[in-house]
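# Kindly generate the corresponding structure for this input.
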Amino acid sequence: MEKGFSTAGSLYEPPVENGFPLKMTRATGGQAFIYHWHDAAELLLGLSGETTAGIADRPYRLGKGDILLIPPGESHCLFPSGAEDTRLVLMFEPKFFLGDGAYAGSREKLSSIPLHSDDWGEETKRQVRDLLYRLEQAFQPKAPGWQAETGGIILLLAALFTRLPPRETTGSHPRQDDTLRKVLGYLSDHYLEPVTLESCAHALGFTPAYLSSFFKAKSGATFHRYLQNLRLKKAEWMLGSTDWPVAQVAEESGFASLKTFFRVFKEQYRMTPLQYRKEKNG
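Below you'll find the model as predicted:
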């Protein structure tokens, strides 16, 4: 298997910028991810439209101004949506910024607080949102001292999270969340094969009609669109990391034909696979 990509759901992407363990970017609904995990903590701020993220086996909706915390080591995914659905993404290594000393308690708190900003209170939500915008301003220009400034903002975020009460845990997940986890796990394992709604439903013991309705309601995406996105993410990685011909990339990423691959790739990325490769590789 290629280094850095796993079809089984564990995708580790350490955030590093010029040797500094923090990344910040703006993303659209076209930039979605299969279930994966990393040691970094991740914060998502909704900028426009709506994004749906799955954390463990529960979906969370992220509207404009909403914030979502993904704790380190937590399995999660981002469902595909439209180019108008945008989000600000922060990833940082808690061990680097919070360590095992005076800030260790704040680092541990990241795994126990409520994940969605609807449960934080309006003032905390506003303060976190303002700090994220401030962090983006400090991070992008890379002026002298940007590491110290961004590191200080991470500590301010950690202080706000430390004051939040722990989230309630039930000890078990609802049956429908178990079902979503089962479906997503099956797709992560089989998306490079000629899987269909019907074959997935049969393998998991559902009717196609039930699976289609359930998946759309829980994930915000159709079964076909989610499956297509898994294949596009595989193709995207291969275009940027290999020199394979586009026809081979299409085949290795699970597309039934080169024509279909070109069509859906251009719809998603607003450019052809060859244009994407050229832009990605400079």
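
# Flag the helix or strand of the chain with the lowest per-element mean pLDDT.
For the chain, counting by mean pLDDT, DSSP states H and E, strand 33-36 ranks last in confidence among helices and strands (a mean of 70).

# partners of the following helix or strand past that one in the sheet?
Where DSSP states H and E defines the elements, the next helix or strand beyond strand 33-36 is strand 41-48. Partner strands and pairing direction for strand 41-48 (DSSP bridges) are strand 67-70 (antiparallel), strand 86-92 (antiparallel).

# Out of these, which is closest to His36?
The closest of the strands paired with strand 41-48 to His36 is strand 67-70. By Cβ to Cβ, the value is 10.5 Å. Every C-beta, even on glycine, is put in place using the N, C-alpha and C of the backbone.

# Which residues does Met24 form beta bridges with?
Beta-bridge partners for Met24, by DSSP bridges, are Leu90.

# Tell me which residues touch it, please.
88-91, 135-136, 139-140 (Cβ atoms under 8 Å, 6 or more residues apart in numbering).

# do the same with His190
The contact partners of His190, by Cβ under 8 Å, 6+ apart, come to Cys200.

# And it, its phi and psi?
With angles defined as degrees, to the nearest 10, His190 sits at phi -120, psi 10.

# And the residue nearest the centre of the chain, how far from Ile70?
If you average the C-alpha coordinates of the chain and look for the closest C-alpha using Cα atoms, centre = their mean, you land on Leu78, 4.1 Å from that point. Leu78 is 10 Å from Ile70, where distance means Cβ to Cβ, to the nearest Å.

# before we move on, what about Asp39?
Asp39 sits at a distance of 12 Å from Ile70 (criterion: Cβ to Cβ).

# More neighbours: which of these two?
Here Asp39 and Ile70 are compared on neighbour count by other Cβ atoms under 10 Å; more neighbours surround Ile70, at 24 against 14.

# Could you list everything that one pairs with in the sheet?
Under the criterion DSSP bridges, Ile70 forms beta bridges with Glu42.

# check contacts around it.
Contact analysis of Ile70 by Cβ under 8 Å, 6+ apart lists 41-44, 53, 55, 76, 115.

# Could you identify the most distant pair in those residues?
Put simply, by Cβ to Cβ the two of those set farthest apart are Ala41 and Ala53, 14.0 Å from each other.

# if you count what's nearby, which of these two comes out ahead?
Neighbours were tallied for Ala41 and for Ala53 using other Cβ under 10 Å; the higher tally belongs to Ala41 (27 against 24).

# Contact partners for the more buried one?
Ala41 neighbours (Cβ under 8 Å, 6+ apart): 69-72, 91-94, 110.

# and if we set it to 7 Å?
If a contact means Cβ atoms under 7 Å, 6 or more residues apart in numbering, then Ala41 has 70-72, 92, 94, 110 as its contacts.

# Rank those residues by pLDDT and give me only the lowest.
Ranked by pLDDT, the contacts of Ala41 bottom out at Pro72, which has 87.

# Could you say which helix or strand holds Gly73?
Secondary structure here is read from DSSP H and E; on that basis Gly73 sits in neither a helix nor a strand.

# isn't it right next to Trp37, touching?
Yes: the pair Gly73 and Trp37 qualifies as a contact (Cβ atoms under 7 Å) at a distance of 5.9 Å.

# For my notes, confirm Asp243 occurs in a helix.
No: note on Asp243: no helix contains this position according to DSSP: H, G, I helix; E, B strand; the rest coil, which reports coil.

# Show me the shaky parts of the stretch 151-282 of the chain.
Applying pLDDT under 70 to the stretch 151-282 of the chain flags residues 169-177, 220, 282.

# where along it do the helices fall?
In order along the chain, the stretch 151-282 of the chain carries the following helices (DSSP state H, counting those that start in this stretch): 175-190, 197-204, 208-219, 223-241, 246-252, 258-269, 273-280.

# wait, which of the contacts of Ile70 is closest to Gly240?
Distance ranking of the contacts of Ile70 against Gly240, using Cβ to Cβ, places Glu42 first at 21.2 Å.

# Find me the pLDDT at the closest one, would you?
At Glu42 the predicted local distance difference test score is 95.

# same question, Gly19
Reported pLDDT at Gly19 in the predicted model: 71.

# and it, how many neighbours?
Applying other Cβ under 10 Å, I find that Gly19 has 6 neighbouring residues.

# distance of it from Gln147?
Relative to Gln147, Gly19 is positioned 9 Å away (criterion: Cβ to Cβ).
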